[in-house]
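Student: what would the 3D arrangement of this be:
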Amino acid sequence: MTARYQYGTLTTRKRKKDPDVWQFRWMENGKPKSVLIGTVQKYPTRADAERAVESLRIKINSDNSQRTFHSVTVGALIDRFMEDYAPKRCRKPTQRVYRSLFENHIRPKWEADFLQNVKTTCVEKWLEEYPHSRQIKSHVRNLMHTLYEAAIRWELVERNPVSLVRQSRKRLKTPRVLTPPQFRALLLELDEPYKTMVVTIACLGLRVCELMGLQWGDIDFEDLAVKIQRSFVEGHIYATKNEASTADLPLDPDLAELLLNHQRQSRYSAESDFVFAGDSGEPRWPDILLADHIKPAARKVGIGNIGWHTFRHTYSTLLHALGTTPAVQKELLRHADIQTTMNIYTQAVTPAKREAASKVVDLLWRR
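Tutor: Below is the predicted model of the structure:
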């Protein structure tokens, strides 16, 4: 028997003291259910209340093939995405970015459109004419693609119209990269443990969240390898950015000795302790370290403004300059997207990665 789409009933419920509220009722397993949507002050018209309840209708009818029954708007899909998808799959900072992109860019244009009416050429033309930076437009395009992928999983649409949308991801500004002499000059102005932190992040090509999440148990001093397993972001510990980020990196022998010396002097040296723990034993906040130590040292030696990602860009640039194959670059940088490092080869072997990484250490630090 074909399932019946539940539209439910939306009515106002009077209250003695407070403003009246919108109430939504439906049936679940033969039993009546209801939920308060919001006050009439928040949703002045029935149309406002209907838009607010649309994402709930999607959830109630999740077992039905909803394309047969009901056209869903982009706005309703965004609501469900932020309620069901984002909290389970995204870090809190990422959720904030998504919310900002939805509210400031995607909703104003597409909220009232039905999912099946959004066409590839329309999205592409809109992005071409949209008066924002190429980076913003790239983020918007990618988030719309992710949004429609969720719609496909929820059987709201059959295809993703954003898949064929062409949007340049080329940088408008070249990332800052340090030369080896600049890097060594910076080290001379840094005290410990900041010097060891900078050597480690630059010679392993880490993201700063991975550097702060590094624990002593992640470092294999016998086999000279480092396993990236977690990251520290705004006071929270998360799994790595993606599956590709979780990988063993070759550890140069001299860098291993530097880290062993740091471990001997650290108050926190157990396997479960953070390598660059603060006084409390918890990871240090990278923004504070950057502002208080790294940037002042860079200005003092005439390098100018730098950020934590400058060291990862420097590592990547040196790998390329040294003639490292794209396959090895991809493995060392742990990129998930093949296009990120133009990888057209098979997975790199460990000796090749170790040789390439040691060459970077030679240029940046050992010499």
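Student: packing partners for the helix or strand of the chain with the lowest mean pLDDT?
Tutor: Scoring the helices and strands of the chain by mean pLDDT, DSSP states H and E places helix 46-60 at the bottom, with a mean of 79. Applying 3 or more C-beta pairs under 8 Å, 6 or more residues apart in numbering; DSSP states H and E, one finds that helix 46-60 contacts strand 9-13, strand 21-28, strand 31-39, helix 74-80. Yep, even glycine has a C-beta here, placed from its N, CA and C like the rest.
Student: the longest one vs helix 46-60, what angle?
Tutor: With axes from the mean of the first three to the mean of the last three C-alpha atoms, to 10 degrees as the criterion, the two stretches strand 31-39 and helix 46-60 enclose an angle of 140 degrees.
Student: domains of the chain?
Tutor: 7-50, 61-173, 180-366 (automatic domain parsing).
Student: let me have those domains in a markdown table, extended by mean neighbour count.
Tutor: Listed next are those as a markdown table, based on neighbours: other C-beta atoms under 10 Å:
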| stretch | mean neighbour count |
| --- | --- |
| domain 7-50 | 13 |
| domain 61-173 | 16 |
| domain 180-366 | 17 |
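Student: all helices for the stretch 51-200 of the chain, in order.
Tutor: For the stretch 51-200 of the chain, the helices defined by DSSP state H, counting those that start in this stretch occupy 74-80, 86-89, 92-101, 107-110, 120-129, 134-153, 180-188, 194-204.
Student: poorly predicted segments of the stretch 201-350 of the chain, please.
Tutor: Across the stretch 201-350 of the chain, the ranges flagged by pLDDT under 70 are 241-246, 336-350.
Student: quick one: the strands in it?
Tutor: 219-220, 225-227, 230-233, 236-239, 248-250 (DSSP state E, counting those that start in this stretch).
Student: minimum distance to residue 88: which of the ones you listed has it?
Tutor: strand 236-239 (12.8 Å; C-beta to C-beta).
Student: against which helices or strands is that closest one packed?
Tutor: Right, strand 236-239 is packed against helix 208-213, strand 230-233 by 3+ C-beta pairs under 8 Å, 6+ apart.
Student: so which of the ones you listed comes closest to residue 265?
Tutor: Going by C-beta to C-beta, the one of the helices and strands packed on strand 236-239 nearest residue 265 is helix 208-213, 17.9 Å.
Student: many thanks, I have nothing further to ask.
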